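**Q** My questions concern the predicted model and sequence given below.
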Amino acid sequence: MSDTKTSGKVVKSEAEWRKELTPMQYAVLREKATERPFSGEYEHEHRKGTYTCAGCGQTLFESDAKFDSGCGWPSFTAPAVDSHVDEERDFSHGMVRTEVLCSKCNGHLGHVFNDGPGPTGLRYCINSAALKLQPK
């Protein structure tokens, strides 16, 4: 593996990413695709654990922050560590949304919306393909 770490960032060639990720993981993490609603592996997951980035293994979300939003994707009220996710404005598909990215490998995770439950009022709507559950 030829990871080039620049200030803690994981940088790989597209060929390396394609070799390491499944086609769905690659489409979501590297090409900003979205899995079909209600089709993801973790949509109805209730085991306790930590959700890490499927691309680089960085801790992203804890199961304690997961809730059933009914939107068709795993939803969380907050990241496990704020600095582990980056947010960018997304103007694609004729909408203005806030994209959520892994801060370590810049992989696309999903989007965050202001319609979640307390205490944050946020709904991190995350593709299962971008996650790996580490059960506790």
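**A** Here it is on my side, so go on.
**Q** where does this structure have low pLDDT?
**A** 1-7 (pLDDT under 70).
**Q** Go again with 50.
**A** For the chain, applying pLDDT under 50 flags the ranges 1-6.
**Q** where along it do the helices fall?
**A** All helices of the chain, identified by DSSP state H, fall at 14-20, 23-31.
**Q** just those: most buried one?
**A** Neighbour counts (mean count of other C-beta atoms under 10 Å) averaged over each of these peak at helix 23-31, with a mean of 19. Where you see a C-beta, it was placed from the backbone N, CA and C, and this is true even at glycine.
**Q** And it, what does it pack against?
**A** The contact analysis (3 or more C-beta pairs under 8 Å, 6 or more residues apart in numbering; DSSP states H and E) places helix 23-31 against helix 14-20, strand 108-113.
**Q** Of these, give the one that comes closest to D64.
**A** Comparing the helices and strands packed on helix 23-31 against D64 with C-beta to C-beta, the closest turns out to be strand 108-113 (17.6 Å).
**Q** returning to what we had before: will you turn the helices and strands packed on helix 23-31 into TSV that also has distance to L133?
**A** Below are the helices and strands packed on helix 23-31 laid out as TSV (distance: least, C-beta to C-beta, whole Å):
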stretch	distance to L133
helix 14-20	18
strand 108-113	14
